[in-house]
Each structure stands twice: as C-alpha cells, then as structure tokens.
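# Here is a sequence together with a model predicted from it:
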Amino acid sequence: MKTRFRAAMAQLHRWAGILFSAMMFFIFLTGTVGYFHYEIDRWMEPERPLAMDRQASASDPTQTIFSAPSAGGRITVTQAELVELGFRRLHALAIQDAIWWGVILPTGRNGNTWIEWQPPRRPDGHRPERRAEYLSFADGEPQWIRPRHTGGGEALYRLHWKLHYLPETAAYWIVGLCTLLMLVGLVSGVIIHRKIFRDFFTLRLFRSSRSWLDLHNITSVMSLPFQLMIVYSGLIFFAVTFMTPIVTAQYGEDGARTFYREAFPEAEAEPKTGTPAHMVPVVPLLHAAQAETKTSIGQLYLLYPGDKNARLSFYLPETTPGHYRGKPHKILYRASTGERLEGGNQLYGGAASVEKTLIALHEGLFADWRLRWLYIFSGLLGVGMIGTGAIYWLRKRQARDRQSFAAVERFYAAVLVGLPIGIAAYFCANRLIPAHWSERADWEMHCLFLAWMLTFAYTWLRPLERIWRGLLLLAATAWSLVPLVNAVTSNRHLGISLANGDRVLAGFDLSAIAVAIAFGLLAIYGYRRAYRSNGIGSRAVAAEG
Amino acid sequence: MPARLPHTPLPLDIISRCLAALAGGYALSIALPLLLALLLAVDRAQTTLVALLFSFTVYTAAFLWTFCARTHWRAWIGLLLPALGCGAIDALILSLRAGGQV
C-alpha cells in the first residue's frame, strides 16, 4: 500500500513538473510571437492596403508627408489631409452614439491610416468590439475598407495569459503561479551554476545527453537578463490579483479601484451633456499641439463625438519612461470650442513610474524595430531554454533504456513541435476560412488547438523512433504552407509585398519561410545527430558489427 | 528542537516544504511588504505599489529558503514566525490608524 502510494506520488510529482514546463513553453512561445502583434494583424487582414511610407522632416514635425501605393504609382498626402479624410468619414458614417472616435496615422509597424470607433454598450450591458475602417488609395481615390473579422496577432498574444478556453480568473492564477515558479527556477538555476560563465563556454555538441544540458545552459545564460526582466515584470501584472491583502489593508474591501485611481491619476473627462455641438476644425489644433510638443502625433481620439463636452485627445508616442514623470502623455482640447484642457500629463509618483516602466518593458513599448527583433530573439532563447531543459530531463532518464518514459517523450514532442504546427494552422485558417463568415475569428483559434491536438494523436500513433523527425517535417511543411496559401488566396503575397517595398508583409512571409527552413534543417541534420549522440545509434551499429 | 522530532520520510518532507513555500511564503510576502508600506511615510498609493513590487521578491526568497532550511520544520518556522510577527505589527498599526481616524 505504502509503496504504491509513493509510486503514485512520484508520478504526480513528475507530471506536475512536465505540465509546468509545457505551460511555460506555451506562455513563452505565444508571448514572444506577441511582440509582432501589430505586424501579424496586418498580415491577417489582407484586405488592408499596402503600407504607406512616412517621411518626417526632422526640423518641423508638422510637415509629415505620407506616400501611399496606388495603381498609377505612389500618391503623396500630407498628415493634415489624412486627418481630415478620417474625420470626414467618421462624420459621414454618422455614428453619433459611439463612445469615441479615433483616427490613426501610419507608423512603420501598422502601415495604414484607419478610423475606429467604439459602439455603445448594448441594453444587456454587453460591450461590443471596436470597429475600424482602413484608408486605401489603391484606385487613386480615397476609399474606406472593412477587412475580414480576425483574432489577429492580438488573439495570439493574448493566449499567453488568457489560455483562451479557460475562465479569465482561473487562467490568471495558473499563469501567475507558473510565472512565480519560473522566477524561482531562474534564481535557483543561477545559484546552481556557480561557474556559470565557464559552463557557458562548455558546449559538448552531439556527444551525450550532456549536450542538451549545455544547450540549456547556453540559451539560459545568453538571455538571462531578459528572462529575469520578463518573468519579474510579468508577475507585476498579477500583483493586485495575487497580493490583494496588501491593497485591502490600506484601502478596505473592494478598494482596488480607489487604489488604481490614486496610484495612476488620470484627469476625468467632463461628462456627456446631451447638448449637441459642432466641432471646430481639428487640423489647426493638431498643428498647435505638434508645435508645442515638437513631436509628430499619430493617434487622435474624440470622446463623446457631437456633444458639447466632446474632448479631443492627441496621444504622444511613449518612447521613454520620462512620460511617467510629468511629461505630457496626451494633449487635450474641448472639441466644441478648441479650448486647451489640462490633465494630459501622467504625474505618477516614483513607485508608480517604476511599475509602469516595468510593464512597458514587458510589453516592449520602448522598442524600435531593431530592439524588437532582440526581444524576439531573447524570447526564442527562452523557448529554447525550456525545450532543451525538458529534453535533457528526459534523455538523462533514458540513458539506460530508450523506451522508458515513452509517454513523456510523446507528450514533449507534441508540445514542443506541435504548438508551432498549431500556430501555422492558425495563420493558414485565416486565409482558408471564408472571409465573410461571422464566426471565422473563433474558428481560426479552434484550428490552432485542433491542429495541436492532432499532433498529440500523431505522437501516440507512431513508433517512438519516428515521432520527432515526423513532427519536425510536418512543422516544416506547415510553415512553408503559410506563404503558399497566402499567395494562392490573397494579393498580399511576396510578389506584391516585395515589389511595393512593404517590409512588414514581406517580413511575415519571409519569417515563415525561415521558420520552415529551420524546422527542415532540424529534421534532417539536428535530429539524426542528436539521436545518434544518445548512444543508441552507435551501440546498435556496434552490435551489428 | 529538531533532534526530538521523528525522522520524516523524504516524500512527506518534500510535500511539507512545498506547502511551506506556497502557504508560508505567501503569508510572508503579504505581511513583510505590508509592514514596509505601513512604515514608509509617503502617500498610501506609492507605499502600496512599493509593497506590491517587493512582495514577489519576498515570495521567491521564501521558496529558496524552504529548500535550503535544514529540516522542513525549520522551513515552516522560518517563514511563519516572521510572517506572524510582521502581521501582528501590521494589525497593530492598522488598528491604531483606524482608531486615530475616528
């Protein structure tokens, strides 16, 4: 009885660790992909026009000029023209009951001009999603386009703390606890490696199960500062949920709202009056705001459109943490009179700016495109750290008998290689599900999980020696299908995006090809060698010889 | 003290340490940062934020402590005693404050 109980506990312990590492792999991979969520959004909405180029003059920010691709060559438009087009369209749509309107100008990442608005809450309290239309000059004339409904890059990166099918609070606690254990793992891991830098230069590739440990150490040490930052700042998101007693001790039950308002003070907008009023022209205000701040403004919002108390907010880009210490965050105007309003500054205290900065670091808010790639690279090293750590754990236990721990090996194969296959399926589903089907966004995500579940079936049906190679080849196929399906189903494929110099769209397809090649190389070379290095291949050869 | 205690089999020892880390660590990572917050003489929003930022480092340290303590009993005591101590002072300060406000 006692031994059976102990055996059961050993199983529980083992699978708790395995599930935890699988969870962290999922969180790291989907989170890393999220650093490109705007870019993925663009790819997943192929109806959106090709990217506009932006030429800012360094001396005078009001002289920003954009050039849009069209059938008859590139068309040049000024910032003022784009803003006017946007507000004219919003007026024409006459969505007066919208809570806010927005006009967004192109950046290197999002590439397009668009308008967006928030429809009011329905009588049942449900808050509808924001709606958007994109400005296209494809035929030479300005045209407004509504793209297909998609979860996009946003749904993909939200996976890493929402876990999609779970209720929000449950997902919060699971992800939070995993993150905490990850931080404990990182800190204790550093302590284990007293000779961390010597270990870093120790790489015994293709030799023994030790190579997996060496790979684990290299990926960890290379990205250690990033890992510590990302895991600690990740925990900050959960702080109020986890450490509620700290908040309630000072603010009483349900004091979280008061706490947020005190810690991150925001000027409250004057309430909607219900008296309609005309709006003053936006462009002169925009020019004044840009002259005042000497920055180019790309996000314009109008709260309570058409009302006497309608408020215009021009958002300044948050490029440095200085924005939390009183530098203006947005410039406010009363839309009916053009009077400048106070309250656009983020006057946060010391601790609040530290908190905001940590959150912004986690989200990569300060990163330009080079730093963004470094984020991706570091995130992938984290993914590699978790993956190689898992395989090392497995290989050490399989040193004597390759067939032991077969279930764990199948599980790990389906997690480590299956999830990338699922993500490729998500992208393909975006192109293959009919564009006008109302439930398409839900089914894109279902496709990710269905494809992933199928890889579990695959690993359990195939003989153990075949699963890694088979899955790696499947992953290579799936990722090479992404640009192919794109080419067949849309006119946003490489031939067009490269010809028009659309870096984001071309970058997406090229990255998919790079991922496919990487999986192919792993399938052909990496796996064969790693397998032989485990001692099984050579021993079998020796036995035959 | 630990000498008189019966020897704990390894699995139970590990389970006990894990529970100590989770529950005892949680108690300490609430009580200690809260004490810091209550003692700091800045406005309550800032002190609460400092405590929240600090609490996860305490939690992490508590995990490390439970697995380096000589016995799992020590692990529990090492977490619960300071947690109770801090918690008592927290409660005292909070009740004094509440009294002062009336």
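Arrived safely, thanks for sending.

# from here on, contacts and neighbour counts on C-alpha atoms
Fine.

# With chain B in mind, check whether stretch A:241-253 reaches it.
Yes - counting by Cα under 8 Å from any Cα of the partner chain, chain B is contacted by stretch A:241-253 at A:Met243, A:Pro245, A:Ile246, A:Val247, A:Ala249, A:Gln250.

# Identify each buried residue in that stretch, please.
Within stretch A:241-253, the residues that qualify as buried are A:Phe242, A:Met243, A:Thr244, A:Pro245, A:Ile246, A:Val247, A:Thr248, A:Ala249, A:Gln250, A:Tyr251, counting by 16 or more other Cα atoms under 10 Å in any protein chain shown.

# List the contacts of A:Glu465.
A:Glu465 is in contact with no residue at all, counting by Cα atoms under 8 Å, 6 or more residues apart in numbering or on different chains.

# Do you know the pLDDT at it?
You'll see A:Glu465 listed with a pLDDT of 85.

# Could you measure from it over to chain B?
According to Cα to the nearest Cα, to the nearest Å, A:Glu465 and chain B sit 34 Å apart.

# Pick the one among the buried residues of stretch A:241-253 closest to A:Met222.
Using Cα to Cα, A:Phe242 is the member of these that sits closest to A:Met222, with 30.4 Å.

# Contact partners for the closest one?
Applying Cα under 8 Å, 6+ apart, we find A:Phe242 in contact with A:Trp173.

# Using the three-state scheme, assign A:Trp144.
Counting by DSSP: H, G, I helix; E, B strand; the rest coil, the backbone at A:Trp144 sits in strand.

# Correct me if wrong: it contacts A:Glu133.
Yes - using Cα atoms under 8 Å, A:Trp144 makes contact with A:Glu133 at a distance of 5.8 Å.

# okay, and the common contacts of the two?
Shared contacts of A:Trp144 and A:Glu133 (Cα under 8 Å, 6+ apart): none.

# Look at A:Arg158 and report its pLDDT.
Per-residue confidence at A:Arg158 stands at 92 (pLDDT).

# so after the helix or strand containing it, what's the next helix or strand?
For A:Arg158, the element it lies in under DSSP states H and E is helix A:152-162. Later in the chain than helix A:152-162, the nearest helix or strand by DSSP H and E is helix A:168-192.

# Check what contacts that following helix and list those residues.
Around helix A:168-192, the neighbours that count as contacts under Cα under 8 Å, 6+ apart are A:20, A:23-24, A:27, A:160-163, A:196, A:227-228, A:231-232, A:234-235, A:238, A:242, B:56, B:60, B:63-64.

# Name only those of the residues you listed that count as buried.
Among these, those classed as buried by neighbour count (16+ other Cα under 10 Å) are A:20, A:23-24, A:27, A:160-163, A:196, A:227, A:231-232, A:234-235, A:238, A:242, B:56, B:60, B:63-64.

# got the residues of chain B near chain A?
Counting by Cα under 8 Å from any Cα, chain B comes close to chain A at B:11, B:30-31, B:33-34, B:44-53, B:55-56, B:60, B:63-64, B:94.

# switch the cut-off to 7 Å
Within reach of chain A by Cα under 7 Å from any Cα of the partner chain, chain B has these residues: B:Ile30, B:Leu34, B:Ala45, B:Gln46, B:Thr48, B:Leu49, B:Val50, B:Leu52, B:Leu53, B:Thr60, B:Phe63.

# contacting residues around the fourth one?
With contact taken as Cα atoms under 7 Å, 6 or more residues apart in numbering or on different chains, B:Gln46 is in contact with A:Ala263, A:Gly349, A:Ala351, A:Ala352.

# Could you tell me how many residues sit around the first one?
It stands for A:Ala263. Neighbour count of A:Ala263, defined by other Cα atoms under 10 Å in any protein chain shown: 22.

# Contact partners for it?
By Cα under 7 Å, 6+ apart, the contact set of A:Ala263 is A:Ala352, B:Ala45, B:Gln46.

# ok, now the last one?
Residues in contact with A:Ala352 (Cα under 7 Å, 6+ apart) are A:Ala263, A:Phe264, B:Gln46, B:Leu49.

# do you know how far it is from A:Leu419?
Going from A:Ala352 to A:Leu419 by Cα to Cα, to the nearest Å gives 37 Å.

# Please apply the same query to the second one.
Here A:Gly349 is placed at a distance of 42 Å from A:Leu419 (Cα to Cα).

# can you tell me the helix or strand for residue 8?
Here I'm looking at chain A. Assigned by DSSP H and E, A:Ala8 belongs to helix A:2-33.

# meant chain B, my bad for not saying
Per DSSP H and E: B:Thr8 is located in neither a helix nor a strand.

# Near it, how many other residues are there?
Neighbour tally, B:Thr8, other Cα under 10 Å: 13.

# likewise A:Arg261?
A:Arg261 is flanked by 12 other residues according to other Cα under 10 Å.

# A:Ala288 now?
Counted with other Cα under 10 Å, A:Ala288 comes out at 12.

# Could you identify the longest helix within chain B?
The single longest helix within chain B, with elements called by DSSP state H, is helix B:72-101.

# Report the distance from that one to the chain centre.
When distances are taken as Cα atoms, centre = their mean, to the nearest Å, helix B:72-101 is centred 8 Å away from the chain's centroid.
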